[in-house]
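S.K.: The sequence and its predicted three-dimensional model are supplied below.
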Amino acid sequence: MANLSAWTGLGVNMLTVFSTLMAKLSRRFNMHLTARPRAKRNPDDIDALVLAGLRESAIALSAYQIVDRLCASGNRLTATQAYRTLGRLISQRKVRRIETLSAYVAIDGDFDVVLVCNCCGTLRPLTEPVLKRQIAGLAQAHRFAIDRIALEIVGSCPQCAQSAMA
Ligand SMILES: [Zn+2]
């Protein structure tokens, strides 16, 4: 008898677990069925949104900052979508990653070296083809195959340096 009630107890417990699980599943399923279908954005739309967000910013933005800014303006974006989009924009040479900041900037033309202000976050891209050639020569002398060159000089911009002196 004791055994039977133990089994019955187990049976009841299993039933409770099962019905809770079913309720959860049906809630999820119903939610899925009743959720309003969101207008699907194509990658070009997302690229344009991310690029516009970066262009509006005076400083480089991290992927998460891009996500936050777009979400705040009503454009839902996941971090995965942001990284995928940034990858596309980088390959199209519309965006560059600033390695020292782990952040991204919109670019109009490519640059060889960038001055990064530690204080206000402004960036000053510079074109220095001679420097680029020297680095390429240096790598070649060591039979090193270059994938990419990221030349970033971190410090203080004239304004920040001046206010630090004041
Ligand atoms: Zn500065």
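M.R.: Noted; the coordinates are in hand.

S.K.: Now do the helices in the chain.
M.R.: For the chain, applying DSSP state H gives helices covering 2-34, 43-56, 63-72, 79-91, 129-141, 158-165.

S.K.: Report whether the shortest one contacts the ion.
M.R.: Okay, so that is helix 158-165. Yes: interface with the ion: helix 158-165 contributes residue 160 (Cβ under 5 Å from the ion). (C-beta placed from N, C-alpha, C; glycine too.)

S.K.: buried stuff in that helix?
M.R.: residue 160 (16 or more other Cβ atoms under 10 Å).

S.K.: which one is the residue nearest in space to the middle of the chain nearest to, not counting chain neighbours?
M.R.: Closest to where the C-alpha atoms of the chain average out (Cα atoms, centre = their mean) is residue 63, at 2.3 Å. Counting by Cβ to Cβ, 6 or more residues apart in numbering, the nearest residue to residue 63 once its immediate chain neighbours are dropped is residue 82, at 4.5 Å.

S.K.: Now for that neighbour: which residues touch it?
M.R.: Residue 82 sits next to 50, 63, 64, 66, 67 when contact means Cβ atoms under 8 Å, 6 or more residues apart in numbering.

S.K.: can you redo those residues as TSV with pLDDT and distance to the ion?
M.R.: Shown next, in TSV, are these (pLDDT from 0 to 100; distance: Cβ to the ion, whole Å):
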residue	pLDDT	distance to the ion
50	97	25
63	97	23
64	96	23
66	97	22
67	96	25
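
S.K.: Just the buried residues of these.
M.R.: Here, 16+ other Cβ under 10 Å leaves 50, 63, 66, 67 buried among these.

S.K.: Tell me how this structure divides into domains.
M.R.: By the assignment in automatic domain parsing, the chain contains the domains 1-35, 40-109, 111-166.

S.K.: Out of those domains, which one sits most buried?
M.R.: domain 40-109 (a mean of 16; mean count of other Cβ atoms under 10 Å).

S.K.: Off-centre distance for that one?
M.R.: Domain 40-109 sits 7 Å away from the centroid of its parent chain (Cα atoms, centre = their mean, to the nearest Å).

S.K.: measure that domain end to end?
M.R.: Using Cα to Cα, to the nearest Å, one end of domain 40-109 lies 31 Å from the other.

S.K.: can you check stretch 97-105 too?
M.R.: For stretch 97-105, the end-to-end distance is 7 Å (Cα to Cα).

S.K.: lowest average confidence, helix or strand, in the protein?
M.R.: Taking mean pLDDT, DSSP states H and E as the measure, the chain has helix 2-34 as its least confident helix or strand, at a mean of 49.

S.K.: which intervals of this structure have sub-threshold pLDDT?
M.R.: 1-39 (pLDDT under 70).
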